[in-house]
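Q: Compute the structure for the input listed below.
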Amino acid sequence: MIDTDTRAEDPTACVVYHGRPDIEPDPSGPRWRPAEELFAGVTSPAVLLVDALLLERVGDGRSLPDNVVIVAADGSARDALGRRAEMSVVEMADKAARREVLHAACLLATARSAALHAEEEFQELSRIGIALMCERDRKALLRSIVVEGKRLTHSDGGGLVLVKPDRDGRQWLHPVLYQFDSIDAISDAPVPIHPVDETSLIGHTALTKQPVVVADVYDLQRDADFQQGMEFDERYRYRRRSMLVVPMVDQLDHVLGVLVFVNRKTDPTARITSKEAADRYVIPYSDREVRLVRALASQGAVAIENVKLYAQIERTLESFVAASVSAIDLRDPTMAGHSLRVAALTTGLAEAAERSDAGPFKDVRFTPKQMRELRFAALLHDFGKVAVREDLLLKAKKLPPVLWERIDRRFDLIRRTMELEFCRARAKGATDDDAALTARLEELERCRQVVREANDPSFLHPASPEGLVEIAQRTFEQCDGTVAPYITPEELHFLQVAHGTLDERERAEVELHVTKTFLYLSNIPWTDDLKNLAAYAYGHHEKLNGTGYPRHLTGDDIPIQMRLITIADMFDALTASDRPYKPAVTADQALEFLRSQGESGLVDLDLVKLMAESRSYEIVETNWTEP
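A: Numbering: from 1, shown residues only. Next comes the predicted model:
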């Protein structure tokens, strides 16, 4: 078969096509072919001699490929084609003159064909470069480089060898990928690891940083420092002939790797498994292939560096997120592990939604990047708590510690006061017996117990302890004669907190952590695939009916990512056994509470049902408290 690409660079490869010209073909000139072959489709440089018999077929010549140069062979063609006939041999009796005209036409066709090929190569390399720069997966990138190189060079085989230093700084060649059309099964690294030195063709290329072209590996030049072992051919029953080895050099002039291409073929379907097949189908690599692969190697080196930098950025982001979670845990040791569990619950529920082939989530799908963004948002949803006062984060009871201490001491004082008043009354002749004092002290202890119980937080079924207000209305006489209440209005205010341990002011301060989370995360220059991270973390306390905070979003304004984090956060808050201000509940109790919240229009009821049905919450190892 004819290598048309090589012919396009060689003026002698031009072919003159004719109908029935009035001149005899010159054996020493260009090759001659019937015009029908040209009309069948030819991409090589071509000259078409047009006479009266071809005019109808050629028309005005505009349907012919741009690489065809039209030469008028007689007066009819010259008159009909006009300027479309770029040259003419009409009325040229001298054969030498006609030969010069045809030679000039071939030169023009060759130059035009080369220009067309150069434009095509530029477009192709641009396409490949863009594709390589957009690839972030390292394995896929390396495979693309080899595949594109094989295609550009029409090679039967291609491979990529990376250069890696050891601990001592010595450079080694690490084969990472080889592909051969003629070998059905080949290992990813059929060539062993070698040092970068002159003993091998690849090592020589890496040292010199210059491409090497070998016409026949079985006939190397005698002065070559390297030798090609034949173990590969014997192992795979293959026949190597031509080779092209090109270094991949980065912007700092460091060799990242070496591209290797084997057996440039004239027939893409040929299998090179014998010397006879190599003799028939394999041709040497030309300057064109060297030029293309050098460009590909440069693009590949930049793309590999970009992937390496991208991976470093990924690791940096992962490390930052991990460090942030650790900071949150250190700030509030009672919630250690909460962020990790919420992230696991969130992604587990998201994966369950993806598996749904019917119902409200049948069209829900997340790309790997979206899933990573969701996981990061879940991990950092409480990042703003690093700015919340520690006494609020660790508040285990409704009363601030100082107020509870004050109440406890006051009840001790009331007890001593009762005992003292009883003794004074007895000294003045009162008839009260010990039973009366005991009854009063028992009543006092009951009041203290009511206050103690009121100080404990309630979550699932909040209720104000019976008799608390009545106790607050009781008074006693202090040592200075003034009258004081059992419970002050400030203390009663905290004891009557309905949910949790925080009053309105304290809760507002803690709730501010959501806004602070958004502000902190928004100031971080996230990559484009993480652009929604801060917004998702910002909305994990929003409710579908608008009663959430801080923006009071409703319905469709709350994307599924926020809904997922909200449910995961609530589930872990209910079931976690490491909160000093509340007892843990079982998974079933937590799901029942979430279901009630969904039926009330606060959270996504469909997601709650999905969590229960898929049992995605079992992804985390939580120590459930048995009822």
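
Q: drop to CA atoms for contacts and neighbour counts, all remaining ones
A: Fine.

Q: Show me what the helix or strand containing residue 102 is packed against.
A: According to DSSP states H and E, residue 102 maps onto helix 95-134. Judged by 3 or more C-alpha pairs under 8 Å, 6 or more residues apart in numbering; DSSP states H and E, the packing partners of helix 95-134 are helix 4-9, strand 46-50, strand 68-72, strand 87-88, helix 138-153, helix 287-331.

Q: one more time with 6 Å
A: The contact analysis (3 or more C-alpha pairs under 6 Å, 6 or more residues apart in numbering; DSSP states H and E) places helix 95-134 against helix 287-331.

Q: For the helix it packs on, the averaged confidence score.
A: For helix 287-331, mean pLDDT rounds to 85.

Q: how far away is residue 501 from residue 398?
A: Per C-alpha to C-alpha, to the nearest Å, residue 501 is found 4 Å from residue 398.

Q: okay, and the common contacts of those two?
A: By C-alpha atoms under 6 Å, 6 or more residues apart in numbering, residue 501 and residue 398 have no common neighbours.

Q: re the thing from before, list the buried residues in the helix holding residue 102.
A: Buried residues in helix 95-134, defined by neighbour count with 16 or more other C-alpha atoms under 10 Å: 98-99, 101-103, 105-114, 116-117, 125, 128-129, 132-133.

Q: Please work out the angle formed by the directions of that helix and strand 68-72.
A: Helix 95-134 and strand 68-72 meet at an angle of 160 degrees, taking axes from the mean of the first three to the mean of the last three C-alpha atoms, to 10 degrees as the criterion.

Q: center of this protein - which residue?
A: residue 369 (4.4 Å; C-alpha atoms, centre = their mean).

Q: Checking it next. Helix, strand or coil?
A: Classification of residue 369 by DSSP: H, G, I helix; E, B strand; the rest coil places it in helix.

Q: Pull out the buried residues from stretch 327-336.
A: Applying a neighbour-count criterion of 16+ other C-alpha under 10 Å, the buried positions in stretch 327-336 are 327, 328, 329, 331, 332, 333, 334, 335, 336.

Q: got TSV for the residues you listed, with distance to residue 57 too?
A: As requested, the buried residues of stretch 327-336 are arranged in TSV below (distance: C-alpha to C-alpha, whole Å):
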residue	distance to residue 57
327	81
328	82
329	83
331	86
332	87
333	88
334	89
335	85
336	84
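
Q: Most widely separated two among those residues?
A: Greatest spatial distance in those: 327 and 334, 12.8 Å, computed using C-alpha to C-alpha.

Q: Okay, and the residue nearest to residue 216 when sequence neighbours are not counted sits in which element?
A: Leaving aside its chain neighbours, residue 216 sits nearest to residue 241 (4.5 Å; criterion: C-alpha to C-alpha, 6 or more residues apart in numbering). Element membership for residue 241, per DSSP H and E: none, as it lies in no helix or strand.

Q: Please list all residues in contact with residue 241.
A: Residue 241 neighbours (C-alpha under 6 Å, 6+ apart): 216, 217, 263.

Q: And for residue 234?
A: For residue 234, the contact set (C-alpha under 6 Å, 6+ apart) is empty.

Q: That one is in what secondary structure piece?
A: With elements taken from DSSP H and E, the one containing residue 234 is helix 231-236.

Q: And stretch 72-88, end to end?
A: With C-alpha to C-alpha as the measure, stretch 72-88 spans 5 Å from end to end.

Q: got the contact list for that stretch?
A: Here stretch 72-88 has contacts from 49, 50, 51, 52, 60, 70, 71, 89, 90, using C-alpha under 6 Å, 6+ apart.

Q: any idea which of the residues you listed is least confident?
A: Out of these, that is residue 60, at 65.

Q: Please, where are all the helices along the stretch 451-600 of the chain?
A: Using DSSP state H, counting those that start in this stretch, the helices assigned to the stretch 451-600 of the chain run over residues 468-473, 489-495, 504-522, 533-538, 560-575, 587-599.

Q: helices and strands of the protein: which one bottoms out on pLDDT?
A: helix 4-9 (a mean of 36; mean pLDDT, DSSP states H and E).
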